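Visitor: need coordinates for the following:
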Amino acid sequence: MPPNPGFGIINYRFCTIYIPASLNRITFAPKGNIGMNTNRINEKNSKIIRFLTESRYRILRHITLLVAFVMLQQSARTLFKLEQDCNFNGIYGFLHELLPFFIFTGILYINIYLLMPLFFNGKYLQYFWLVVILIMMGLLAMQYLSNTFIDPHRIVPKVDKLDTAAEFLAATIFIIPIVLATSAARLMQKWIKDRDRINELNTITVNMELTALKNQINPHFLFNMLNNVNMLVQTNPEKASPVIIKLSEFLRYQLYENASGTASVMDECTFLSNFLNLEKLRRDNFSFSINCETARMARIQIPPNLFTTFVENAIKHSVDLSGDEAFVNISITVNEGYVVFSCTNSQNPDDSFNYHESGGLGLANINRRLELLYGNTYSLEISNEKKSYNVTLSIPYDVHNN
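Guide: Here you go, the predicted model:
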């Protein structure tokens, strides 16, 4: 029985694989970055995130900040029942309204562009006290300008004065959260940009490592094939010619399919079939079978040469010294959003075969490549019997409809 109803079962000769039944599609993602990349896509689709981070919205962000401050100022006047423009002669009522706007706008922008770099550099205490000093200086400047240039033109005597230190301190404490709110928005903006930059660097690093691994795997495969051709030229020159032609087809596939980054499962099946046919030409006491579901294979895309190393390894260890015919049997199926590759090969019962020690460079690199491509969404099962050896790889896939 599966571990829970949300899982499906794939049965094989040597093992049983449980896979999530509800998972219809998984995009290729490096290990440890799947959740990070999903969150990044969701946030990029959010208009709020784009508004906060993208440079094309910069002017609109500043306008929004100023409008929000005007609304906050008018709300404060209504809430605290502050004096109106009609208490002044001429345009001085309008100037009385504009003075707090310009003072506090200056405070906000000095905080954002001059003081926030201190916070980003880890000088948190110094930043906080400078914000407090900045607010106090702004209040003092506003009181001085109001008393000197605006108050002489009052019709009604002023009643809301900052006459005591307690009132001045209360006004400072009231403004601090407003300034820190803009700091929080600026901090979130920088965090998102820095995180996106780190994600981009991680993606570049992973792609470079994948390219390096792929470039190692391909020469490894070519090295084995050239050794086989060299042996065949010495033992059976007549068979060497078709082998060389097949090898040229391999190289053509490697050149064009690897450059595209993905290949259809059908192309991979054809490639593996040609590979096994080459081995059949080289060895008389060898048989193989390859079973691929043809209905959807042309539309399913996977990274190229993902199965090649496993087949190389199967051929290498399929020699049976007891005289029985060596064999390699391959099956590639699709089940519940996964491509399931199974490879079974014969082996000498007297051999002590170890998957991790015998694979050499190829298997080490393919393991790392699987981790980078699929993280923890792939399954690799190894079964080592007395006379046979089985590898079953289950990977998620993308479907291309073109």
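Visitor: could you list the domains of this protein?
Guide: 7-33+213-399, 47-196 (automatic domain parsing).
Visitor: run the chain-centre distance for the last one.
Guide: The chain centroid and the centroid of domain 47-196 are separated by 39 Å, computed with Cα atoms, centre = their mean, to the nearest Å.
Visitor: any weak-confidence spans in the stretch 301-402 of the chain?
Guide: 320-323, 351-363, 398-402 (pLDDT under 70).
Visitor: under the pLDDT cut-off, which ranges of the stretch 51-200 of the chain? List them.
Guide: Residues of the stretch 51-200 of the chain that meet the cut-off, pLDDT under 70, sit at 79-86, 156-164.
Visitor: where do the helices of it begin and end?
Guide: 58-80, 92-110, 116-120, 124-145, 165-235 (DSSP state H, counting those that start in this stretch).
Visitor: between those helices, which one is closest to Ala295.
Guide: Ala295 lies closest to helix 165-235 among the helices of the stretch 51-200 of the chain, at 28.6 Å (Cβ to Cβ). Where C-beta positions appear, they are placed from N, C-alpha and C, glycine not excepted.
Visitor: the closest one relative to helix 124-145, how many degrees between them?
Guide: 140 degrees (axes from the mean of the first three to the mean of the last three Cα atoms, to 10 degrees).
Visitor: if we can go back for a sec, now tabulate the domains of the chain in a markdown table and tack on distance to Thr203 and mean neighbour count.
Guide: Converted to a markdown table, these look like this (distance: least, Cβ to Cβ, whole Å; neighbours: other Cβ atoms under 10 Å):
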| stretch | distance to Thr203 | mean neighbour count |
| --- | --- | --- |
| domain 7-33+213-399 | 8 | 17 |
| domain 47-196 | 10 | 14 |
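Visitor: out of these, which is closest to Asn202?
Guide: Among the domains of the chain, domain 7-33+213-399 sits nearest to Asn202 (Cβ to Cβ), with 6.3 Å.
Visitor: dump the helices of the stretch 51-200 of the chain into CSV; add distance to Cys269 as well.
Guide: Output for these, formatted as CSV (distance: least, Cβ to Cβ, whole Å):
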stretch, distance to Cys269
helix 58-80, 52
helix 92-110, 63
helix 116-120, 54
helix 124-145, 60
helix 165-235, 17
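Visitor: CA atoms of stretch 67-83 as PDB?
Guide: Taking Å, rounded to 0.1, in the frame of the first residue of the first chain, the C-alpha atoms of stretch 67-83 are listed here in PDB:
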ATOM      1  CA  VAL A  67      -0.100  62.300  -1.500                       C
ATOM      2  CA  ALA A  68      -0.100  60.000   1.500                       C
ATOM      3  CA  PHE A  69       1.600  62.600   3.600                       C
ATOM      4  CA  VAL A  70      -0.900  65.300   2.500                       C
ATOM      5  CA  MET A  71      -3.700  62.900   3.500                       C
ATOM      6  CA  LEU A  72      -2.000  62.200   6.800                       C
ATOM      7  CA  GLN A  73      -1.600  65.900   7.500                       C
ATOM      8  CA  GLN A  74      -5.200  66.700   6.700                       C
ATOM      9  CA  SER A  75      -6.400  63.700   8.900                       C
ATOM     10  CA  ALA A  76      -4.300  65.000  11.700                       C
ATOM     11  CA  ARG A  77      -5.800  68.500  11.400                       C
ATOM     12  CA  THR A  78      -9.300  67.000  11.500                       C
ATOM     13  CA  LEU A  79      -8.500  64.600  14.300                       C
ATOM     14  CA  PHE A  80      -6.900  67.200  16.600                       C
ATOM     15  CA  LYS A  81      -9.200  70.000  15.500                       C
ATOM     16  CA  LEU A  82      -6.300  72.300  14.400                       C
ATOM     17  CA  GLU A  83      -6.800  75.900  13.200                       C
END
